[in-house]
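Enquirer: Requesting a structural model of the entry that follows:
(one chain, ligands or ions: 1)
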Amino acid sequence: MKNKRLLLHICCGPCSMAPLEQVLAAERDCELFFFNPNIHPSVEWQRRLDNALKAAQHYELPLHIFPGTDEEAWRKRAAEGKERCKFCYETRMQKTAEFAADNGFDSFSTSLLVSPYQDREAIIRAGTAAAAEYGLEFEAHDWRKQYRRGQDLAREIGLYRQKYCGCIISLEDSKFYEKICAEHAQLVQSS
Ligand code: SF4
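Expert: Next comes the predicted model:
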């Protein structure tokens, strides 16, 4: 386990904190991968990337960034009534597996596995299927017990902690919709 090269997909800064603490405590050879086209609008995508970079710097780990956000694809999926979150996990795990295989990693995992609010079984199915396709191992860690610890660590280093999952539909469904839109408008203005 110790010498296996692990690529950890990270969905945002706060969710990566506890998994990274665990991974580094186990002395794993680990690098990070940010591919999250599910984060909308683009100002929010940038905000989460900035915070993922802060987490990577905090743990002194390299972060590979695969840019791009795709609001249309998620809107289309929702309009078709298809399983949006399944598509979301599969899209991200596929690209992570492809990058891991192309860059000599033995296994991959995702910080999504820290969240009690995500569909763990669907994430594991998506990760395992992508791993099989590329001849890799998907590490199905259960970091949910460290979720609060990760949020505390995120607070300690001043990371932004988002109030919605990521896609435009989850933003529109959020009870904080207006507050978040006002924050986005401010960020756009100041950029
Ligand atoms: S709710 Fe979250 S997991 Fe589901 S599609 Fe939206 S961003 Fe992806």
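Enquirer: ok, which residues in the protein are in contact with the ligand?
Expert: Asn38, Arg84, Cys85, Cys88, Cys165, Gly166, Cys167, Ser170 (C-beta under 6 Å from any ligand atom). (Each C-beta comes from the backbone N, C-alpha and C, glycine too.)
Enquirer: What is the burial count for the nearest residue to the fifth one once chain neighbours are set aside?
Expert: Nearest residue to Cys165 in three dimensions, chain neighbours excluded: Tyr117, at 7.4 Å (C-beta to C-beta, 6 or more residues apart in numbering). Other residues within reach of Tyr117, judged by other C-beta atoms under 10 Å, total 9.
Enquirer: Which of the three states applies to Tyr117?
Expert: Put simply, Tyr117 is coil when judged by DSSP: H, G, I helix; E, B strand; the rest coil.
Enquirer: Now do it, the pLDDT please.
Expert: With respect to pLDDT, Tyr117 has a value of 95.
Enquirer: if I look at it, how far off is Ser190?
Expert: In this structure, Tyr117 and Ser190 are 30 Å apart, going by C-beta to C-beta, to the nearest Å.
Enquirer: ok so, going back, quick one: the residues of the chain next to the ligand as JSON lines, columns for neighbour count too.
Expert: As requested, the residues of the chain next to the ligand are arranged in JSON lines below (neighbours: other C-beta atoms under 10 Å):
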{"residue": "Asn38", "neighbour count": "25"}
{"residue": "Arg84", "neighbour count": "19"}
{"residue": "Cys85", "neighbour count": "18"}
{"residue": "Cys88", "neighbour count": "26"}
{"residue": "Cys165", "neighbour count": "18"}
{"residue": "Gly166", "neighbour count": "21"}
{"residue": "Cys167", "neighbour count": "25"}
{"residue": "Ser170", "neighbour count": "20"}
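Enquirer: Contacts for stretch 91-100, please.
Expert: Contact with stretch 91-100 is made by 7, 9, 11, 33, 35-38, 64, 66, 73, 107-108, 110, 112, 123, 126-127, 129-131, 133-134, 136, 138, as judged by C-beta atoms under 8 Å, 6 or more residues apart in numbering.
Enquirer: Any chance of a ChimeraX selection covering the buried ones in the residues you listed?
Expert: The buried residues among the contacts of stretch 91-100 can be selected in ChimeraX (16 or more other C-beta atoms under 10 Å) with this line:
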select :7,9,11,33,35,36,37,38,64,107,108,110,112,123,126,127,130,131,134,136,138
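Enquirer: re earlier: of all the residues of the chain next to the ligand, which comes closest to Gly158?
Expert: Gly166 (20.8 Å; C-beta to C-beta).
Enquirer: quick one: contacts for the residue lying closest to Arg75 once chain neighbours are set aside?
Expert: The shortest distance from Arg75 to any non-neighbouring residue, by C-beta to C-beta, 6+ apart, is to Ile168 (6.2 Å). Remark: with contacts taken as C-beta under 8 Å, 6+ apart, Ile168 is in contact with His40, Pro41, Glu71, Trp74, Arg75.
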